[in-house]
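Q: From the sequence below, what's the structure:
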Amino acid sequence: MRSFKTAVVAIAALAATAAVADAKPGPPFIAHVHKLTPAMQQTMTGVSWKPGCPVGLDDLRVIRMRYRGFDAKAHMGMLIVNADVAEKTVRAFGKLYDARFPIRRMEPVDAYGGSDDASMAADNTSAFNCRKAVAAGTPSWSEHAYGKAIDVNPVENPYVFGREVLPPAGAAHLDRAAAKPGYAVAGGALVKAFAAAGWKWGGARKSNPDYQHFSTSGN
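A: Prediction:
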C-alpha cells in the first residue's frame, strides 16, 4: 500500500512539474525612460502642456513600458511623468507587471485631445496633464500638472466627487467590498506597489475618495 501511495505521489509531482514547465510566464517587464523628443513636445504643446504650466517640457520624461492587459497578454504603453519620479514610477509598474495586475490601456492624454474626461471614459491609465484639480474651493493646479500623479484604470477605480462619479461608467464599480480585477483596494497589489514607491492613494480619503488616483503628495 505504501509503495502504491508513493508511486501516486511521484506521478502527481511529475505532472505538477510538467505543468509549471508548460506554463508560459510571458515576456519580462521592460521600461525605457527618455527625454521628450522635439516631435513629442510639439504634439503636447497646446494640448496637455501650455505656456504657464508649473513645469516645463524639459522637466518631463516619457516612460515606454510593458504592462499586462485584461486579456492577460503583454502590451507596450506610455506614461509621461516628472523626471523626479520616473524611477519610482518604473519600480511601481514593475511590481504590478510581476503581480499580473491588469491595466486596460496606457496612453498620454494627448491621444484624447488633453481631455481628462475622455481619457477616463476610455479607461486609460495616464499621468501628466497640465490642468486644474477637480476639487471644491479656489482652483489650483492638479498634481497631474506637475507630472507627479497617475490615474490607474479610471472606470474600475472611479473618483467619487460628492454625488458625481467620474467617469460615469465607474458607477458600476462603487461597491469596493470585492476586489475585482484592476481594482485599487487597501492591501491590494496596486496600492501596495505605489506605497512601496512612496506614493499616496486617493482612495484612502474619507470624503470624495479618488480610487484611481496616486500621487507623491496625496493631493
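Q: For G52, see how far away the residue nearest to the spatial centre of the chain is.
A: By Cα atoms, centre = their mean, the chain has its centre lying nearest to V152, at 3.5 Å. Counting by Cβ to Cβ, to the nearest Å, the separation of V152 from G52 is 28 Å. For every residue, glycine as well, the C-beta is placed using N, CA and C.
Q: Then P154?
A: Counting by Cβ to Cβ, the gap from P154 to G52 is 26 Å.
Q: and if you look at A193?
A: For A193, the distance to G52 - Cβ to Cβ - is 33 Å.
Q: out of those two, which sits in the busier spot?
A: Set A193 next to G52 and count neighbours by other Cβ atoms under 10 Å: A193 wins out with 22 against 6.
Q: Shouldn't that one be within a strand?
A: No - counting by DSSP: H, G, I helix; E, B strand; the rest coil, A193 is located in no strand; its state is helix.
Q: ok, and the closest non-adjacent residue to it?
A: Of all residues not flanking A193 in the chain, K95 sits nearest, at 4.0 Å (Cβ to Cβ, 6 or more residues apart in numbering).
Q: what mean pLDDT would you report for the strand or helix carrying that neighbour?
A: Counting by DSSP states H and E, the element that carries K95 is helix 86-98. Here helix 86-98 scores 98 as its mean pLDDT.
Q: Over to stretch 44-60?
A: 97.
Q: quick one: contacts of that stretch?
A: If you take Cβ atoms under 8 Å, 6 or more residues apart in numbering as the criterion, stretch 44-60 is touched by 35-36, 41, 80-83, 108-110, 113-114, 128-130, 141, 145-147.
Q: swap in stretch 185-193?
A: Contacts of stretch 185-193 (Cβ under 8 Å, 6+ apart): 92-93, 95-96, 99, 101, 152, 176, 179, 183-184, 201, 203-204.
Q: Equivalent analysis for stretch 69-86, please.
A: Outside stretch 69-86, the residues that reach it (Cβ under 8 Å, 6+ apart) are 26-27, 33, 36, 44, 48, 55, 59-68, 89, 100, 102-108, 125-128, 146-148, 150, 181-182, 216.
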